[in-house]
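Colleague: After the sequence you'll find the predicted model.
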Amino acid sequence: MKTRLLVVSALLAIAVSACGQKEDAVKAEAARIAKESAQKAEDAAKKAGAAVGAAAEATKEAVKDAGAEAREKTKEAVDATREAGREMVVKAADATKEAAERTKQAVSK
């Protein structure tokens with residue numbers, strides 16, 4: 001009877017020992033997976049940061065280009081306004097000359 005009890009106790013000890021080893025293996029696997037997940041999250045954060053930096057740089061370049069284009073359009077508008085002003089002066093001078101001629105003609109009659 002003692003032999004049976006000894007065998008059963010030994011089997012229980014082996015089973016408990018195996019469960020403990022299995023738990024340790026599961027804990028180690030969970031720790032490894034958590035570490036990999038943390039590494040992947042860090043890599044994703046770095047990539048996101050790089051993408052934000054690239055977007056900021058692209059925006060900066062776009063603003064520079066837009067500023068240059070705006071300056072060019074402003075220059076064109078100023079040039080067009082000057083030309084229109086010259087044309088108005090010429091037309092006003094012609095109208096004044098014509099009015100002076102008509103006034104002379106009216107006075108001489």
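Modeller: Happy to help now that I have it. Numbering: from 1, shown residues only.
Colleague: can you pull the pLDDT of the residue sitting nearest the centre point of the chain?
Modeller: With distances taken as Cα atoms, centre = their mean, the residue of the chain nearest its centroid is Ala55 (3.4 Å). Among the per-residue scores, Ala55 holds a pLDDT of 83.
Colleague: can you check Ala70 too?
Modeller: Reading off the per-residue confidence, Ala70 sits at a pLDDT of 82.
Colleague: give me the number of residues near it?
Modeller: Ala70 has 10 neighbouring residues, counting by other Cβ atoms under 10 Å. Every C-beta, even on glycine, is put in place using the N, C-alpha and C of the backbone.
Colleague: so where does it fall, helix or strand?
Modeller: helix 2-108 (DSSP states H and E).
Colleague: Report the distance from that helix to the chain centre.
Modeller: Chain-centre distance of helix 2-108: 0 Å, with Cα atoms, centre = their mean, to the nearest Å.
Colleague: Quick check: which helices or strands does it pack against?
Modeller: Taking 3 or more Cβ pairs under 8 Å, 6 or more residues apart in numbering; DSSP states H and E as contact, there are no helices or strands that helix 2-108 lies on.
Colleague: coming back round to it: and the residue nearest to the centre of the chain, how far is that from Asp65?
Modeller: Using Cβ to Cβ, to the nearest Å, one gets 15 Å for the distance from Ala55 to Asp65.
Colleague: Gly49 now?
Modeller: From Gly49 across to Asp65, the span is 25 Å (Cβ to Cβ).
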